[in-house]
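Undergrad: can't give you the sequence, but here's the structure:
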Ligand SMILES: Cc1ncc(C[n+]2csc(CCOP(=O)(O)OP(=O)(O)O)c2C)c(N)n1
Ligand SMILES: Cc1ncc(C[n+]2csc(CCOP(=O)(O)OP(=O)(O)O)c2C)c(N)n1
Ligand SMILES: [Mg+2]
Ligand SMILES: [Mg+2]
């Protein structure tokens, strides 16, 4: 008989070759505490060097952009290259102000936490351009699905700082009735979706929202933000898949601030390919942008928004930036990265760079800047006083505890009526 | 005052432009029942046309391969181009036999289901080369994480058909004691991981297994298979992420058989980019291969296996094929696709094509083929008789029901001892 | 009025709501052109267009996540998870998001979605086409959990669920799709058409959530059940000769505790019947509630007749399934205790 | 012997096992170089190398899926989910895979993994850093669920869990990491060092799974609890003046039903205390079991003192937390019933 089962098995079951032992690669950042900072592996492009494709360009013809870095501001603060946006000085100054406001707000809330006045805080220091420039590039009716580090979006949309503080302090001004941690804001009025403590979930929700808008023949688009670390979650994949399949009008932003708590971006796969490149496999266009360059962020976001509005679907934007401070008030970055890494970040500080540009443009001065700095500081300080007068965390100046039994469902829950009685409220 | 909050808000809150209404794209296949088949959108390359990169090529330098189609067999059955593997005729004939065995086995089990002898069955008709050629390219000690359509792997590894039938019939021969459905095989002895009914879960498990092997300095690699539809699950994304980050020695296969039950591959995003292209964003190399070309599948798998064995990490392989029969015995494809789509599949049938090649090679003939066909048919028929003598589904010839209370945990569970008593076993 | 089986009734509920409310959209794996592997969405795409009823990628977490976003936009998505066994990839979106969004946003946003999914055994689906995960969802505050047992209720409850402004997990006893299966697997199953609850209005109507139904009044022992097990309990009452009061809960969350208490206070005995595994199943909650609320009226302990604490074993379907014989035995035992 | 807090004891357990068994590997988000956000894996990477203890991508489903594969390979992965609130993305891998692989493969493969995760409130973590999901896992057949309440038990139970050949969900009461918090949040918390169970051997030892511990013998009422609530129950016993027998279950699956029954048969009263939300929490299962097994000995209904059926509200941490006052009131009430 030509082929017995036994023979086949032998033909298939090759003898294991004497291979060298396998090894596993555990990625390590370029520098740890005590070591000199090392940015030699960063993929940067020169300002103005990256091409700007047509709004209806085929994603397949844009792969290169996932590996470049769109930069507009050069070393002297001049806007150069095809991505230099048409943008009024008024808009830029408003953006500058909102970034400064965000930074001052962050600093003061951070200090309030250190003084025990709130339970927790997350700063967005160094990343202000991401939120503020993107808010400027979008329409106020577009829906934003942010993260806990997206406060700049809300500030740029004019959400009352007093309400933000109310939530940070969990006091009587807290619009969320003490139910949420600081920084997990929500405002339907400002088209700002309720922030989740669970990473990544908002990414696919934003796609769903955009699908709803498109199904309804509406004109509003959605945008969402997640961190470099969070790209590893399933929701990231769902978002890209659904956005691609249904050509949903949504902007999907990855804020690559190099760190996810103590894990550098290589632990999420960023060393193997830029996060922007993830878009390639889904047939989505990707833009990789200097996140500390207000003009570049603005221009890239405008491009993606216009593309979405004209029914060309979703864009993935990687915003390349640096988390200049600790992850949160629970974190101490000196344990895992060189203390001076942030200060030496080669793409600088977004506020300083926009200021430089405005001065180069002849629309700004050190003096104006100093007085604006004073103004926003005073604004925040005054509001803070007002807010603290209404209570701080832990001193029971929040909404009545009986409210905690309400609003799980739209209709009152009989179980909770009983439980509220039992609790004595 | 230069900037009031009110003013800023206005600067940012652009008036909604009068955009055209948004629309949502719902993908549709090229043809539905009653319409002529339409393969105009298929991305095919000519046999022999695709380059073969070095085993240690940078993934970044291989993107083109995700969009090409590796084909070795030309229209006349000749092996052409750089991917034509060095492979003995004995191995090819063994492969041919295993494919034929798989097809006959599938047909007979399918008919047994129609006769009410088993509860359910899944055929792999038309996709036999995927499993059989890949098994031939791997070592028998490599660990396989297959799907419910991977029976060809197990057959090629010489797993006793009688045991497979035992499981299909849930009879006394069932090594899984009646606990699993037909087709969800498991064999530690054959390094064949227990098949899950839940799609996709095995993909990241395979990566974990490979990580374990690499951590242990072993030489064994892992391979896993999922369908085109299943690429949308989170586990797909986890697998690619972990494989990329840790450079795990694993082969990740997407069997693109064009359909996921009634959904064509465009519903999983396949119209926007080939599934192979998903690898790009993770910095993984991708090969896109004619899944009905035994030699191409073998060659691509060998390449990926050698790459993994030499510590260059994972490869994503898209196996481009066609599900020639129904999804399962619960399905009726005439409701959602043209009846003749399979017959007209431009890449032919894997068995016919390998047969043609062997004849072209001078190692085979119509006669030999016919007698081999008879032989495998007889083998399966005889085994089937033997198996059916030990019982078929529903006639209580399986293991004792008391076994169903065993083996949830390694140690006996006191709850289950009680419950078994209560059940009267 | 028309005669419908449960699939037809569900289809009719979706169709009715799609016609009434343009914000109702239906999607899930294979639900579009094909009409779903159980045919529940048959014809909807044809009738209302691919934009109202469409296929999705195989990503349950994505389906539910997208539905949440769409719900927040203002639509009322009705999504299908092909089998309840495959709902776990969506567990995070359901638990951390759908269930919490109203509360955490203090009412700013809400999630008016329905997640339909066939559950339960009886079709030789093995471990991964037979599960009854309802107990898990009852522990997640913010989710409603609804399970019909007849075509009439299926349509009325599904309409109420679609109109509900909160997320509803709508579990469909797949064994009941085509007939009122009572667990007697060795006799031919009757079709729905011989059952009065197959008379279903073709138009809009609601069966409210949170109202149980007493499907068999009785004096001796209260049987709490839902879905397939309602019919099993009825068969068991007959088989046992015990005058059981059989209650169909219809929705687990919200729960009609009043009806339950009134019955147990009357009968003094209670048995919970479900197909899910025993430990920490919803039967545990029911037993805990009943022993607490009716302690001084109880003449015997609350019993649970449930699936065993094992995965649903393919070949031992009927040895796993808590059929009428087991339920009847429990009834008789309760009477003796 | 050394004096350890719970974090140190857990660290010592992992270190002990990594030294003994090269197949033990530790991974999770931030657990490598940094040593974990709660410092539980501090120093392990330095001591055993990056291949034994390393960071992972933020993908809980990926972490557990990879651990399952590694376990099947022959390793004993001990993975950390940063907060129990983030375990849901891994729910499918835990439920459909880890829990089922031994059974479905008839013993061909098994999953000797431990999933460590901090749970519970008391740190003003709000809705997503405070949850107690243990009840869900007790419903999943094939998973063991372990919860320590002292440093000594934490190390001994973690070692038993690592050596166990089946998947173990190891829930760590994060509020107990640094001291035996008893719910009296308005007084300074004592450090572990003043508690006898902070005496922890530096070497290998086991505390077996499935054996409860009677932490306070008593005659009047049985308190069933675990984790943080054990200390709350002790404080409540003191506050109430009721002679409560406080039982620390230590593992929920397997459950030490014998110890529970013996105690309730003695006291005739039972209160279950947990921090998780009430409906379908593990308290339901315990109440259902106790009323069934001890029906004729019970003098009052089994009571549950638990978290309310709401998400953990950030500012109302102490109004949510079932503290000693609520437990004491339940004790007195049980005595009056
Ligand atoms: C599902 C889930 N897993 C883990 C966490 C804990 N966690 C909070 S923030 C964080 C790091 C996120 O990093 P990245 O996505 O880069 O965002 P960044 O903080 O840098 O803005 C982690 C792990 C969480 N909140 N949710
Ligand atoms: C998690 C999960 N979701 C859904 C299903 C139901 N289901 C079984 S097979 C299938 C289609 C899979 O298609 P594909 O991945 O292309 O593989 P193929 O059947 O074509 O080999 C679906 C949706 C499942 N088994 N598991
Ligand atoms: Mg980050
Ligand atoms: Mg397929």
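TA: It's in. Bear in mind the structure is a predicted one, so any value in this text is a computation, not a measurement. Ligands and ions are numbered 1, 2, ... in the order given.

Undergrad: in the stretch 101-250 of chain C, which spans are helices?
TA: C:101-104, C:134-138, C:151-163, C:228-240 (DSSP state H, counting those that start in this stretch).

Undergrad: nearest to ligand 3, of these?
TA: Proximity to ligand 3, assessed across these by Cβ to the ion, is greatest for helix C:101-104 (22.8 Å). Using the backbone N, CA and C atoms, a C-beta is placed for each residue, glycine as well.

Undergrad: briefly note if that closest one comes near chain D.
TA: Yes: Helix C:101-104 is in contact with chain D by Cβ under 8 Å from any Cβ of the partner chain, via C:103-104.

Undergrad: can that helix be found next to chain A?
TA: Yes: contact of helix C:101-104 with chain A (Cβ under 8 Å from any Cβ) involves C:101-104.

Undergrad: ok, which of the helices of the stretch 101-250 of chain C comes nearest residue B:203?
TA: helix C:134-138 (24.5 Å; Cβ to Cβ).

Undergrad: what's the mean pLDDT across that closest one?
TA: Average pLDDT, helix C:134-138: 98.

Undergrad: do the same with stretch A:43-50
TA: Across stretch A:43-50, the per-residue pLDDT values average to 96.

Undergrad: repeat for stretch A:198-205
TA: pLDDT averaged over stretch A:198-205 gives 98.

Undergrad: so for that stretch, what gets flagged as buried?
TA: Buried residues in stretch A:198-205, counted by 16 or more other Cβ atoms under 10 Å in any protein chain shown: A:198-205.

Undergrad: with respect to residue D:246, which of the residues you listed is nearest?
TA: Sorting those by distance to residue D:246 puts residue A:198 at the head of the list, at 34.4 Å, by Cβ to Cβ.

Undergrad: what helix or strand does that closest one sit in?
TA: With elements taken from DSSP states H and E, nothing contains residue A:198; it lies in neither a helix nor a strand.

Undergrad: do you know how far it is from residue D:85?
TA: Noted for residue A:198: a distance of 7 Å to residue D:85, by Cβ to Cβ, to the nearest Å.

Undergrad: now for those two: what residues contact both?
TA: Common neighbours of residue A:198 and residue D:85, counting by Cβ atoms under 8 Å, 6 or more residues apart in numbering or on different chains, are C:96, D:128.

Undergrad: from residue A:184, how far out is residue C:96?
TA: Applying Cβ to Cβ, the value for residue C:96 to residue A:184 is 12 Å.

Undergrad: what residues do those two have in common as contacts?
TA: Counting by Cβ under 8 Å, 6+ apart, the residues touching both residue C:96 and residue A:184 are A:196-197.

Undergrad: surely residue A:126 is in contact with residue A:292?
TA: Yes: taking Cβ atoms under 8 Å as the contact criterion, residue A:126 and residue A:292 are neighbours in contact, 7.2 Å apart.

Undergrad: between those two, what contacts are shared?
TA: With contacts taken as Cβ under 8 Å, 6+ apart, the residues that reach both residue A:126 and residue A:292 are A:321-322, A:345, A:349-350.

Undergrad: among these, which are in helices?
TA: Those of the shared contacts of residue A:126 and residue A:292 mapping onto helices are residue A:350, per DSSP state H.

Undergrad: tabulate the shared contacts of residue A:126 and residue A:292 (TSV), appending pLDDT, distance to residue C:142 and neighbour count.
TA: Written out in TSV, the entries for the shared contacts of residue A:126 and residue A:292 read as follows (pLDDT from 0 to 100; distance: Cβ to Cβ, whole Å; neighbours: other Cβ atoms under 10 Å in any protein chain shown):
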residue	pLDDT	distance to residue C:142	neighbour count
A:321	98	35	26
A:322	98	37	23
A:345	98	42	20
A:349	98	42	21
A:350	98	39	30
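
Undergrad: any weak-confidence spans in the stretch 151-300 of chain A?
TA: Counting by pLDDT under 70, the stretch 151-300 of chain A shows no low-confidence range.

Undergrad: quick check: residues of it near chain C?
TA: So far as Cβ under 8 Å from any Cβ goes, the stretch 151-300 of chain A lies against chain C at A:175-177, A:179-180, A:184, A:186-188, A:193-194, A:196-198, A:201, A:203-213, A:215-216, A:222, A:234-235, A:237-239, A:241-242, A:245.
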